[in-house]
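K.L.:
Prediction below, plus the sequence it came from.
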Amino acid sequence: MAQSRSSRVFTISFPEDLAVEVDEIARQESRNLSELFREAFRVYRMERIRRSLDADTAYARTRNRKPYTEADVTRLVREIRSATAAKKRPAR
């Protein structure tokens, strides 16, 4: 029975000047091309996540019409917890 691969093979093409640069970087870093491109993809993916988080943060700032401080957040959490606890207490 044939065993399935735990990786996939991709074929990519580069203009010659870029291909020379890729080979040179791989040689300088003592990596093969697969290692180089795996690392490049990891960096790309992390940068993409960072850009998404930055966009979400920028959007969130536009939604916070009253900028809350850390002290405000602490106070609000205490108020909500007190109100929730008061609702759970049996009436006398």
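P.N.:
Received, thanks.

K.L.:
C-alpha only now, for contacts and for neighbours.
P.N.:
Fine.

K.L.:
check which helix or strand covers Ala2.
P.N.:
Ala2 belongs to no helix or strand when elements are defined using DSSP states H and E.

K.L.:
Which phi and psi values does the residue nearest the centre of the chain adopt?
P.N.:
For the chain, the residue nearest the mean C-alpha position is Ile49 (3.4 Å; C-alpha atoms, centre = their mean). Ile49 adopts backbone torsions of phi -60, psi -40, taken as degrees, to the nearest 10.

K.L.:
Next, count neighbours for Glu47.
P.N.:
Neighbourhood size, Glu47 [other C-alpha atoms under 10 Å]: 12.

K.L.:
just checking, what packs against the helix or strand encompassing it?
P.N.:
Using DSSP H and E, Glu47 falls within helix 33-63. Packed against helix 33-63, as judged by 3 or more C-alpha pairs under 8 Å, 6 or more residues apart in numbering; DSSP states H and E, are the following elements: helix 16-28.

K.L.:
Now do the helix it packs on: distance to the chain's middle.
P.N.:
Distance of helix 16-28 from the chain centroid (C-alpha atoms, centre = their mean, to the nearest Å) equals 28 Å.

K.L.:
what sits up against that helix?
P.N.:
32-33, 36 (C-alpha atoms under 8 Å, 6 or more residues apart in numbering).

K.L.:
hmm, try it at 10 Å
P.N.:
For helix 16-28, the surrounding residues in contact (C-alpha atoms under 10 Å, 6 or more residues apart in numbering) are 13-14, 30-37.

K.L.:
Quick one: find the helix or strand in this structure with the lowest mean pLDDT.
P.N.:
Sorting the helices and strands of the chain by mean pLDDT, DSSP states H and E puts helix 70-88 at the bottom, at a mean of 90.

K.L.:
Quick one: residues in contact with it.
P.N.:
Under the contact criterion C-alpha under 10 Å, 6+ apart, helix 70-88 has outside partners 68-69.

K.L.:
Quick check: the gap between the residue nearest to the centre of the chain and Ile80.
P.N.:
Ile49 sits 33 Å away from Ile80, going by C-alpha to C-alpha, to the nearest Å.
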